[in-house]
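[1] Fold the stuff below for me.
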Amino acid sequence: MKYSARFGEGASSRSRSVEIASAPGEGERVFVTFDAKDAKDGKDGAEGVISAWDVVPTPSGGYSIVGPSGRHAEATVHRDADGAMRIYVAGELFRFEFLDDLTARALAATGAHKGKKKGDLRAAIPGRVLRISVAVGDTVVIGQPLVVLEAMKMENDVRSSRDGVVKSIEVKPGEAVSAGAVLIKFES
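    Numbers count the residues shown, from 1 in each chain. Below you'll find the predicted structure:
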């Protein structure tokens, strides 16, 4: 499966194309290919190099990982309310998010590829507003579904990227919106 992975936050974030696959009969072996242009040395995570990782679940809920270089580490995975992943490997924190191809292209088209903005709620994809789950003055939390958009005959929850209070609702059910359109504004 191909993903766009955005590592880090804000101006220091960087994106890499990642393909993750497993082969039948390979057990707990995962094959990872990074296509970004940050590494060309053939080491773990290098550009265009397919690397095999052994990933075994541990009884504590984490994972035992052996990379292509033979280096072993213990890892735990946590998903934040906004969909981002926090992975602790050998005591070091890595925060990133996997984006499917459609979301990655939508974020790039709207200029949001540098990191999620903490401002107004915007549509990541074009679609039709089906439902609005909040009203002006409601207090919302990060990750809370606020709007349902229909795109390509699928219902997509648009979730809050921040905690806050709804200042105004800029759309109505049945309305068509383009990628990047403001759906809900929050108080400062």
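
[2] Ser178 contacts Ala123, doesn't it?
    Yes. At 7.1 Å, Ser178 counts as touching Ala123 under the criterion of CB atoms under 8 Å. Quick note: C-beta positions are derived from backbone N, CA and C, even for glycine.

[3] higher neighbour count, those two?
    Ala123 (22 against 11; other CB atoms under 10 Å).

[4] Need the pLDDT of that one.
    pLDDT for Ala123: 86.

[5] again with Val32
    79.

[6] ok, then the element right after the lowest-mean-pLDDT helix or strand in the chain?
    Least confident helix or strand of the chain, by mean pLDDT, DSSP states H and E, is helix 101-109 with a mean of 63. Next in sequence after helix 101-109, counting helices and strands by DSSP states H and E, comes strand 121-122.

[7] Run through who's touching that next one.
    Taking contacts as CB atoms under 8 Å, 6 or more residues apart in numbering, the residues outside strand 121-122 that touch it are 110, 112, 146-147, 158, 160-161, 180-186.

[8] Can you tell me which of those are buried?
    Among these, those classed as buried by 16 or more other CB atoms under 10 Å are 110, 112, 146-147, 158, 160-161, 180-181, 183-186.

[9] Quick one, which of the residues you listed has the minimum pLDDT?
    For the buried ones among the contacts of strand 121-122, the least confident position by pLDDT is Ala112, scoring 54.
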